[in-house]
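>>> With the input below, show me the fold.
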Amino acid sequence: MSSRPAEMGGAEMSSRCLTSLRIWQLTVAVCVCATTGDALLAAGYPQARGQRPGTLAAHFQTRPDSPFAAVQANYQAGGYPCAPQASCAPSAPYTAPETPPQPLSNTAPPAAPQYNFSNAPSGLVPSARTVAANGGYIDPAIVETQLRFRYDSAYGFNRADRAEYFYSTWTVFGGKTPPRDMGPNDNIDAQFFKLYYEQLVMDDLSLFIEAPIILNNPSGVPGPGPNTSGFGDLNAGFKWALYETDTTILTFQLKNYIAVGDPDKWLTAGHASIEPGLLFLTQPADRWTIEAELKDWIPIQGGVNPRNGRDFAGNVLSYGIGAAYAVVDNSSLSVAPVAEFVGWSVLDGQKTDYASSGRLIGPVDASGDTIVNGKFGVRIGFGKDTCDPTKQRDSIYIGYGRALTGERWYQDILRAEYRMFF
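Predicted coordinates:
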């Protein structure tokens, strides 16, 4: 028996390879000569993050003069053990060798030869993941250890407490913010500084946390109030890759929002919430990537309007799709323009409404509100990955987004981020 690092995967094999089996992360292949009983058993695991794939192979030969001896010779010379040219034609009856058995020796056996799977059929060698997440607004499906710094500057929040998705509503309507001066108005600009860290804890599973600092600049009516700043609500959760090949990833993500922002400074939604979702990433053609997401934001113990007993906070379904094309893609630099379209549909909840004069009308039904934004930017990758020099470890994204519908969270948004994979 011998073992050595090699790349192996599941399998188009010759007729002499009777079967191959994929068990979770393990691929097992059995090559056997039905006539002579010779066999080769190989078990391989795919490439883990930052590691090389590996294979353990064992060759069992029952007859020294069998046709599989040629296979063994090819195997030791660096060829693939299940070479198509091997045959299982019947051979002459087996005759025991005349050389008597040699006595056991205390001498250490010679070092096992190093085998090479470079000649293996391409179908048996899985390539490492080649697809990259280039989007700037759609959550990336890649499950990886990474660090991200993000800056957003959003202008023109006009119904900021809609479903208590971004901000809590006024106290008089069941929210956590003080009345009037610090309550939501019809024109707010805000800046968000966010630090995100994701840690791979096992293959296909990661944990993450994100902490924001928020700067609010209300300038509308009624009563703009002072500018405020401070820590906003945390979010933390996990990502689990449900399906992954070298060019396609489908990931389940669960975010948990924790209301730690100061309600007196209007830095919180005022309640906890959870957001399960599916993230998708694929590379349909060379240099092209497509990303998509579908998420459901669910408030927990949100505001309840005491005037009508209805929940002010409500479910918000979000979805998006985007595409990127790498106009430059080499070992030292990648440049990929990105176009994304992201939408939100408010399933229930309320929002504070205003007359055109700025007069406060009060809470109205927000269910059915649909918001769609167009997001356009570029991702630039640089810095070689230590495990794969063809990939960039670091990247920056710069982009602009604008509301395409009458209903909106904000009218315009600028985003810049720096992302680093480990």
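
>>> Where do the strands of the stretch 251-400 of the chain begin and end?
272-282, 288-300, 316-325, 328-329, 333-346, 350-354, 360-365, 370-384, 392-403 (DSSP state E, counting those that start in this stretch).

>>> Send over the second one as CSV, restricted to the C-alpha atoms.
Taking C-alpha atoms only, strand 288-300 is exported to CSV below (Å, rounded to 0.1, in the frame of the first residue of the first chain):
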residue,chain,number,x,y,z
TRP,A,288,-18.5,36.2,-16.7
THR,A,289,-20.0,35.8,-13.3
ILE,A,290,-23.6,35.9,-12.2
GLU,A,291,-24.8,36.4,-8.6
ALA,A,292,-28.3,36.3,-7.1
GLU,A,293,-29.9,36.4,-3.7
LEU,A,294,-33.3,35.8,-2.1
LYS,A,295,-33.8,36.8,1.6
ASP,A,296,-36.6,37.3,4.1
TRP,A,297,-36.2,39.8,6.8
ILE,A,298,-38.4,38.9,9.8
PRO,A,299,-38.7,41.4,12.8
ILE,A,300,-38.9,40.1,16.3
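
>>> what lines up beside it in the sheet?
Taking DSSP bridges as the criterion, strand 288-300 sits next to strand 272-282 (antiparallel), strand 316-325 (antiparallel) in its sheet.

>>> now those strands in TSV, with mean neighbour count and distance to Ser395?
For the C-beta atoms, the positions are set from N, CA and C on the backbone; glycine is no exception. Supplementary listing: the strands paired with strand 288-300 in TSV, determined by neighbours: other Cβ atoms under 10 Å; distance: least, Cβ to Cβ, whole Å:
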stretch	mean neighbour count	distance to Ser395
strand 272-282	19	15
strand 316-325	20	11
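
>>> Out of those, the one nearest Glu340 is which?
Closest of these to Glu340 is strand 316-325, at 3.2 Å (criterion: Cβ to Cβ).

>>> Pull the residues that contact the closest one.
Strand 316-325 is contacted from outside by 134-135, 137-138, 163, 165, 277, 287-297, 336-347, 349, 375, 379, using Cβ atoms under 8 Å, 6 or more residues apart in numbering.

>>> ChimeraX command to pick out the buried ones of those residues?
Buried residues among those (16 or more other Cβ atoms under 10 Å), as a ChimeraX selection:
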select :134,135,137,138,163,165,277,289,290,291,292,293,295,297,336,338,340,341,342,344,346,347,349,375,379
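
>>> Can you name the residues bridging to Ile300?
Applying DSSP bridges, one finds that Ile300 bridges with Ala272.

>>> If you could redo that for Ile396, that was the one I meant.
Under DSSP bridges, the beta-bridge partners of Ile396 are Ile380, Tyr418.

>>> can you count the residues close to it?
The number of residues packed near Ile396 is 15, by other Cβ atoms under 10 Å.

>>> Give me the distance between Val131 and Ile398.
Distance, Val131 to Ile398, by Cβ to Cβ, to the nearest Å: 22 Å.

>>> Between the two, point out the one with more neighbours.
Between Val131 and Ile398, counted using other Cβ under 10 Å, Val131 has the larger neighbour count: 21 against 13.

>>> burial count for the closest residue in space to that one that isn't next to it in sequence?
Excluding its sequence neighbours, the residue lying closest to Val131 (Cβ to Cβ, 6 or more residues apart in numbering) is Gln283, at 4.1 Å. Here the number of neighbours of Gln283 (other Cβ under 10 Å) works out to 20.

>>> start at 39 instead
Got it, first residue is 39 now, which makes that one Gln321.

>>> ok, Gln321 - contacts?
Neighbours of Gln321 in contact, by Cβ under 8 Å, 6+ apart: Thr168, Val169, Thr285, Thr286, Thr327, Ile328.

>>> Likewise for Arg325?
When contacts are counted by Cβ under 8 Å, 6+ apart, Arg325 touches Tyr363, Ala364, Val365, Asp367.

>>> burial count for the third one?
If I follow you right, that is Val365. Applying other Cβ under 10 Å, we find 11 residues neighbouring Val365.

>>> got a list of what it touches?
Contacts of Val365 were listed using Cβ under 8 Å, 6+ apart, and they are Arg325, Val373, Ala374, Pro375.

>>> give me that answer again for 6 Å
By Cβ atoms under 6 Å, 6 or more residues apart in numbering, the residues touching Val365 are Val373.

>>> From Asn353, how far off is it?
40 Å.

>>> Likewise for the second one?
In this structure, Ala364 and Asn353 are 37 Å apart, going by Cβ to Cβ.

>>> show me where pLDDT drops low in the chain?
39-168, 208-223, 258-263, 393-398, 422-430 (pLDDT under 70).

>>> again, only this time at 80
39-169, 208-224, 257-264, 301-302, 304, 343-347, 369, 392-400, 421-430 (pLDDT under 80).

>>> out of everything not next to it in sequence, what's closest to Pro375?
Excluding the flanking residues, the one nearest Pro375 by Cβ to Cβ, 6+ apart is Val416, at 5.1 Å.

>>> Need phi/psi at Asp177.
Backbone torsions of Asp177, given as degrees, to the nearest 10, read phi -60, psi 130.

>>> Quick one: closest of the strands of the stretch 289-438 of the chain to Leu272.
In this view, the strands of the stretch 289-438 of the chain are compared for proximity to Leu272 by Cβ to Cβ, and strand 310-320 is the closest at 10.2 Å.

>>> what does that closest one contact?
Strand 310-320 has contacts (Cβ under 6 Å, 6+ apart) with 169, 171, 177, 179, 286-289, 291-295, 297, 328-338.

>>> What of stretch 377-394?
Applying Cβ under 6 Å, 6+ apart, the external contacts of stretch 377-394 come out as 173, 175-176, 197, 199-201, 222, 224, 350-358, 360-361, 398-399, 401-402, 404-405, 407-414.

>>> with the contacts of Gln321 in mind, which one is nearest to Glu236?
Glu236 lies nearest to Val169 out of these, by Cβ to Cβ, at 17.4 Å.

>>> quick one, domains of this protein?
According to automatic domain parsing, the chain is divided into the following domains: 39-133+151-164, 184-459.

>>> how about stretch 237-253 as CSV, C-alpha atoms only?
The C-alpha trace of stretch 237-253 is given here as CSV (Å, rounded to 0.1, in the frame of the first residue of the first chain):
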residue,chain,number,x,y,z
GLN,A,237,-14.3,32.9,9.7
LEU,A,238,-14.4,29.5,8.0
VAL,A,239,-14.9,27.0,10.9
MET,A,240,-15.1,23.8,8.7
ASP,A,241,-15.4,23.0,5.1
ASP,A,242,-18.5,24.7,3.6
LEU,A,243,-19.4,26.4,6.9
SER,A,244,-18.5,29.9,8.2
LEU,A,245,-19.5,32.3,11.0
PHE,A,246,-19.6,36.1,10.5
ILE,A,247,-20.2,39.3,12.4
GLU,A,248,-20.7,42.9,11.2
ALA,A,249,-20.5,46.1,13.2
PRO,A,250,-21.6,49.5,11.9
ILE,A,251,-21.1,53.1,12.8
ILE,A,252,-23.9,55.4,11.6
LEU,A,253,-23.9,59.1,11.0
